[in-house]
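Colleague: Sequence plus the predicted model coming up.
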Amino acid sequence: MSLASYQTARQALITEDRSLRLDSQSQYLDALGPTESVQKADGIIRKIRATEAESVWSKETERIPHIFPGMEFLTAKETIQSTELFKWVRKLPKGALLHAHMDATCDAEFLLRTASEEPQMHVRASVQINRETVGSTMPEFQAMPIDFQASPYRSVTNPDYEGGAWITINSARDNFSPELGGAEGFDDWVLAAMRIDPEEAYVKYNTSKKIWTKFGSTFVVARGLLEFEPVLRKYVRQFLLTSIEDGISYVEMRTNFFNKTVIRSDGSDNFSSAERVRLIGEVIEEVRGEMNSQGRGDEFVGAKIINITIRFISSEELEWYLDDCFSLKQQFPDLIAGFDLVGQEDTGVPLLEYLPKLLEFQNRCQEAGLSIPFIFHAGETLGDGDRVDNNLYDAILLGTRRIGHGFSLVKHPHLMKLCRERKIAIEVCPISNEILRLTSSMPAHPLPIMLNHGLTVALSSDDPAVFGNLGLSFDYFQVLVSSEVTGLTTLGVLARESLLISELEDKQKEKAVAKWDRRWQAFLKEIIQTFES
Ligand SMILES: O=c1[nH]cnc2c1ncn2[C@@H]1O[C@H](CO)[C@@H](O)[C@H]1O
């Protein structure tokens, strides 16, 4: 064989090998607009990436002696933020955010600050907080009725503080022991309980099982602050506004209805699930209206709710949640997009055990002509063929519209084929998977396997309040620096597809995509102009 024909055969082999990927198929590429500008911008971004692979990601520092692109997020976050590449990723129009737990979408500091504005917000601890207990005792929060009599203690650090006594959050904060840092020490104590830090993820709880104990507890702390009508309203608004700032134009928020009611403004615990959905709907409309009136209508098309509860309830209990979801869909047909079960999959009830109730629900929806698709979490595990990994079979048999995580999906060639054929998209949460210890870094993540096999993927942030990956930029960034094939073009295809695989109605989808197309062209233009001048 001549050298020339070897080179030709080699190029043909590579092209053939890549041909399943969405970003090498003309139908997806054509949708991104004029090839010349797409390629030009893609080339520019590749150059920045290559330069920074040397100038940033190969430079060992005392703090990061093992530095590399796609390395563990919590250690790399500051470095990521300092790069030119990240600046461009921030500006990328990202389409839809399809996998995010609403109760973990805003910066924990925002939640604490917002809840502290409410005089009814109280805090307690199970024991007096001092040097010995501060690291191992979580704060607990609750909004109380207006006439509630707080305990006489000024803070949870008072020497005579009796475990379990409620104090107003502001008194507890202002009077937090100076030895423990005063008000700032209070904030540190609370924020640490709502976030995962690098030491926890990579040293103290460095296995999937261990990190879930910390991860699960962050929700318990946040819930007390969040599940109060006025705080909830501001939180949802902040979530939408910060998503828009990050280039996200549509979200499907997984909203947890595990607590059947939350606290009303007056402190009574009877704010129903329907009232919560109405509140979220109002905020969505308010934000949409504001964006339109600012002439920024292209930046936000709306949001929907995926109704969730937690997968440790019994089948009998599940029935209540399914009934509630059914009735919410009847009342708010445009807002409710689907149903899902969440929580640690490795220890949770497998879908198979809920099967009779889930099938019954499907039949009932069909008879009533209501469309409430399942959008299940499945395969968020290291298993292969065990009862947890097997959730993937049930999710697909139950007609799941998308798969949340699907981390173990690549162990199932036939299921991957079905996902391709039925266009079941995989909601991949790179940073979540890494922090929850399914993978040690991005280059070891199965995402490239999914992409190379032609699956549709919706990159998602999952729980940015806990992980610190607010918006979608950090997840997009980690993906971009971890594969040579993946480029700006890939991210463009993923962003555009995220709108097409969403639960928007066809007409809304068309509009959303047209808006995205305009922003994508403007984005390409900005990249090209910046580097041509
Ligand atoms: O990645 C995840 N997989 C499964 N469950 C999750 C994940 N992230 C959050 N939650 C669960 O969702 C609820 C909050 O909405 C929490 O109970 C949390 O455990």
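Modeller: Done, it's in. Numbers count the residues shown, from 1 in each chain.
Colleague: Flag every residue of the stretch 301-450 of the chain that's near the ligand.
Modeller: 310, 342-343, 377, 380, 432 (CB under 6 Å from any ligand atom). From N, CA and C alone the C-beta is placed, and that goes for glycine too.
Colleague: try 8 Å
Modeller: Taking CB under 8 Å from any ligand atom as the contact definition, the stretch 301-450 of the chain meets the ligand at 308, 310-311, 342-345, 377, 380, 404-405, 429, 432, 436.
Colleague: Filter those residues down to just the ones in strands.
Modeller: If you go by DSSP state E, those have 308, 310, 342, 377, 404-405 in strands.
Colleague: Turn those residues into TSV, columns for neighbour count and pLDDT.
Modeller: Shown next, in TSV, are these (neighbours: other CB atoms under 10 Å; pLDDT from 0 to 100):
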residue	neighbour count	pLDDT
308	26	98
310	19	98
342	19	98
377	24	98
404	29	98
405	25	98
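Colleague: And those residues, which two are furthest apart?
Modeller: With CB to CB as the measure, no two of those lie farther apart than 310 and 405, at 15.7 Å.
Colleague: Identify the element of secondary structure that residue 438 sits within.
Modeller: Using DSSP states H and E, residue 438 is not contained in any helix or strand.
Colleague: need the contact list for it.
Modeller: Shown in contact with residue 438 (CB atoms under 8 Å, 6 or more residues apart in numbering): 208, 380-382, 407.
Colleague: Work out for me the element residue 190 sits within.
Modeller: Using DSSP H and E, residue 190 sits in helix 182-194.
Colleague: quick check, that helix touching the ligand?
Modeller: No. Helix 182-194 stays clear of the ligand (CB under 8 Å from any ligand atom), getting no nearer than 12.4 Å.
Colleague: ok, then the element right after that helix?
Modeller: Downstream of helix 182-194, the first helix or strand assigned by DSSP H and E is helix 198-199.
Colleague: What mean pLDDT does that next one get?
Modeller: The average pLDDT within helix 198-199 is 98.
Colleague: Toward the C-terminus, what is the element adjacent to it?
Modeller: Using DSSP H and E, the helix or strand that directly follows helix 198-199 along the chain is helix 208-226.
Colleague: State the mean pLDDT of that following helix.
Modeller: Here the average pLDDT along helix 208-226 is 98.
Colleague: thinking again about what came up before, just checking, what packs against the helix holding residue 190?
Modeller: helix 108-116, helix 169-174, helix 208-226 (3 or more CB pairs under 8 Å, 6 or more residues apart in numbering; DSSP states H and E).
Colleague: go again using 6 Å as the cut-off
Modeller: Applying 3 or more CB pairs under 6 Å, 6 or more residues apart in numbering; DSSP states H and E, we find helix 182-194 packed against helix 108-116, helix 208-226.
Colleague: Just the buried positions in the longest one, please.
Modeller: The reference is to helix 208-226. In terms of neighbour count (16 or more other CB atoms under 10 Å), helix 208-226 has its buried residues at 208, 211-212, 214-215, 218-219, 221-226.
Colleague: Contacts for that helix next, please.
Modeller: Identification of contacts with helix 208-226 by CB atoms under 6 Å, 6 or more residues apart in numbering yields 103, 111, 115, 138, 140-142, 193-194, 200, 205, 235, 344, 436-438, 466.
Colleague: between that helix and helix 108-116, how many degrees?
Modeller: With axes from the mean of the first three to the mean of the last three CA atoms, to 10 degrees applied, the angle from helix 208-226 to helix 108-116 works out at 30 degrees.
Colleague: Quick check: next helix or strand after helix 208-226?
Modeller: helix 229-245.
Colleague: Give the buried residues for that next one.
Modeller: Neighbour counts over helix 229-245 (16+ other CB under 10 Å) mark 229-244 as buried.
Colleague: ok, which pair from those is furthest apart?
Modeller: 229 and 244 (23.4 Å).
Colleague: Report the separation between residue 277 and residue 321.
Modeller: Residue 277 sits at a distance of 14 Å from residue 321 (criterion: CB to CB, to the nearest Å).
Colleague: quick one: contacts of the helix holding residue 190?
Modeller: Residues contacting helix 182-194 (CB under 6 Å, 6+ apart): 108, 112, 134, 138-139, 173, 176, 218, 221-222.
Colleague: from the stretch 51-200 of the chain, which residue is nearest to the ligand?
Modeller: residue 101 (3.6 Å; CB to the nearest ligand atom).
Colleague: From residue 415, how far off is that residue?
Modeller: For residue 101 relative to residue 415 (CB to CB), the value is 25 Å.
Colleague: show me where the stretch 51-200 of the chain has strands.
Modeller: Taking DSSP state E, counting those that start in this stretch as the test, the strands found in the stretch 51-200 of the chain are 95-101, 121-124, 140-143, 167-168.
Colleague: Which elements pack onto the second one?
Modeller: So the one you mean is strand 121-124. Using 3+ CB pairs under 6 Å, 6+ apart, strand 121-124 is in contact with strand 140-143, helix 169-174.
Colleague: and with 8 Å instead?
Modeller: Looks like strand 121-124 contacts strand 140-143, strand 167-168, helix 169-174 (3+ CB pairs under 8 Å, 6+ apart).
Colleague: repeat for the third one
Modeller: For strand 140-143, the elements it packs on are strand 121-124, helix 208-226, judged by 3+ CB pairs under 8 Å, 6+ apart.
Colleague: Contacts made by the shortest one with the rest, please.
Modeller: Around strand 121-124, the neighbours that count as contacts under CB under 8 Å, 6+ apart are 115, 139-144, 148, 150, 156, 163-169, 172, 225, 228, 231.
Colleague: Partner strands of that strand, with direction?
Modeller: Using DSSP bridges, the strands paired with strand 121-124 are strand 140-143 (antiparallel), strand 167-168 (antiparallel).
Colleague: which one of those is the most hemmed in?
Modeller: Most buried of the strands paired with strand 121-124, by mean neighbour count (mean count of other CB atoms under 10 Å): strand 140-143, with a mean of 23.
Colleague: I'd like the distance from that strand to the chain centre, please.
Modeller: 25 Å (CA atoms, centre = their mean, to the nearest Å).
Colleague: Please identify the residues of the stretch 101-250 of the chain in proximity to the ligand?
Modeller: Contact residues, the stretch 101-250 of the chain versus the ligand (CB under 8 Å from any ligand atom): 101-104, 215-216, 219.
Colleague: ok, 6 Å please
Modeller: When proximity is defined by CB under 6 Å from any ligand atom, the stretch 101-250 of the chain lies next to the ligand at 101, 103, 216, 219.
Colleague: Restricted to buried residues, select the contacts of helix 208-226 in PyMOL.
Modeller: The buried residues among those can be selected in PyMOL (16+ other CB under 10 Å) with this line:
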select buried, resi 103+111+115+138+140+141+142+193+194+200+205+235+344+436+437+438+466
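Colleague: Brilliant, that's me finished.
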